[in-house]
Structures are given as C-alpha cells and as structure tokens.
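Enquirer: Predicted model, plus sequence, below.
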Amino acid sequence: MSKRTERNLARDEPVENKYTVYAAGGLFTQHELTTNVFIKDSVWRQSDGKFELILPQSNELRELDRPDIASYIRNIDLAIIVKSDLVLARFDGLELDAGTVVEFMLAKFLGKPTVILRSDSRGLGGESMDEPYNLMLKNWPRTTEVHYDSFIKFTGGFAEEGKMLGNAPTFQATIKAELKTVMRGIDEIAQEIIGGLETVLEMKSPYPDEYQEIVYKIIRHSPGSGFEQLISEDDLTKLVKKFRESGTL
C-alpha cells in the first residue's frame, strides 16, 4: 500500500479521480460475503484508492417490514448500478447467480464499462463456444473478462509454502501457510480486476453520442415498482454530467 493510500484510509480523505464500482455477485454464503470484503479491500489498497467497490451486502436497508420488500431491495441495488461508474460481475459457479446476470445486463443496457470475473476452476461441461458460461453473456461491448483459476493457483501457492514447512509441519504452521496462500490469491485476483477496470475505462460507449443520455432517462421507468422514485430527473442530469466528465458515460 502506498503512503498516500495509508494516509487516505487513516484520515478518511477523499481520493482524486476515484471511480465507484458496483460489485455484482453472490452474497448468500459466508465464503461469498467474506471474499467480497477481502477483494474490496485489496482492490482499494492496490489501486491507491482509485477503484472503490460497492458491495450490495453492505447496503443500509431500512423499513425491512414493508410489504414490497422484494422489489424495494431490488430497486436499491439497481439504483446503485445506475449511479456507479463501472461494474464488476462475478460469474462463478456451474450455474451463474441469476441476480448477477440481471445486474450485468442492466449495466450493458446502460453501456457501462464492465469487468467479468470468473475465479471458478470448473467449466460448464458443454461445447467450447459457451465455456466457461453461457454464450449469451459473451461478447458484449465495453466489457472485458478476467479468468483466475483459484484451485490451481491455491495448490501451486500452497506447495511453494509447503517447501518451507519441513517434513513434519505443525498444525499452526500449516494454518499460517494456508492463510498466506489465500491472501496472496486475493491480492492476485484484485490485481487482475484492477487491470480489467483500467482496460474498460479506455473503451468507448457503444451508443452514438445522442443516445448516451437517453438510455439513462429510459432506465428510470423500465424497472417499475417505484424505481423512478429512487432516482429523480435532477439526479440523472447530475449523473450524466459526472459520467461525461469521467469518460464513463
């Protein structure tokens, strides 16, 4: 971590040229929740605070007893996507998380710069044209894919650590080696994500100039269920101006 990042974290100072990144992915298991936080931290540290991941799992949700809670939670997450500069979509598992796919497609409708991350070692077992996930999710504009073979990387990294453990490692020494291997993997994934984010920042919108603002106006109404109440026309005007200045419109 650079001295500037350490100072920003210590003082909670704003970072110049910061981009917000909506992190779309699983959040229903302990390992998903934990890994999401580790990746967020590592991306922030290694990018000197340039890329700030927004985790839907950490959203402050209120009024959880409201009758429309399902659409309310959906709308909150979709609104954050609209307001974010970029999107990171984690496509892990033999069956991709349905919510992540919806969020990815919203990002593509808006023409947002998007990175797909797959850290799963498994393919889907089908034809090569739709490996490692369905071909309908491939080849979208302003998108790049990052593949990180977690199992191979872990076993290789742990084998290297094992060389220093000796022939009869203690339980504690083994745990330290495992933790070190895991955290190295998190940092490697974060480096790949940062590289992907830098790549898509250089990509231009797939829309002609006259359509780039229109799609944001349309999205206020297409989700329904009160979504338009979360983002006003004034909000959209400010967002479009911000994205135009940052090059992410």
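Expert: Structure received. Values in this document were obtained by computation on a predicted structure and should not be read as measured data.

Enquirer: give me the low-pLDDT residue ranges for this structure?
Expert: Filtered on pLDDT under 70, the chain yields the residue ranges 1-16, 60-63, 124-131.

Enquirer: Can you list phi and psi of residue 117 for me?
Expert: phi -110, psi 130 (degrees, to the nearest 10).

Enquirer: Would you agree it is in contact with residue 144?
Expert: No. With contact defined as CB atoms under 8 Å, residue 117 does not count as touching residue 144 (10.0 Å). Glycine gets a C-beta too; all of them are placed from N, C-alpha and C.

Enquirer: which neighbours do those two share?
Expert: residue 196 (CB atoms under 8 Å, 6 or more residues apart in numbering).

Enquirer: distance between whichever helix or strand residue 70 is part of and the chain's centre?
Expert: Secondary structure from DSSP states H and E places residue 70 in helix 69-83. The chain centroid and the centroid of helix 69-83 are separated by 16 Å under CA atoms, centre = their mean, to the nearest Å.

Enquirer: What of stretch 75-95?
Expert: Computed by CA atoms, centre = their mean, the separation of stretch 75-95 from the middle of its chain amounts to 7 Å.

Enquirer: And stretch 159-174, by the same measure?
Expert: With CA atoms, centre = their mean, you get 34 Å for stretch 159-174.

Enquirer: got the contact list for stretch 68-84?
Expert: Under CB under 8 Å, 6+ apart, the answer for stretch 68-84 is 20-22, 24, 54, 56, 59, 61, 63, 66, 87, 99, 103, 106-107, 110, 112, 216, 219, 223, 225-227, 230-231, 235, 239.

Enquirer: returning to that earlier point: if you count what's nearby, which of residue 117 and residue 144 comes out ahead?
Expert: Neighbours were counted for residue 117 and for residue 144 using other CB atoms under 10 Å; residue 117 has more, 22 against 16.

Enquirer: How much space separates that one from residue 232?
Expert: From residue 117 across to residue 232, the span is 32 Å (CB to CB, to the nearest Å).

Enquirer: circling back to that earlier point, can you tell me which of the contacts of stretch 68-84 are in strands?
Expert: 20, 21, 22, 24, 54, 87 (DSSP state E).
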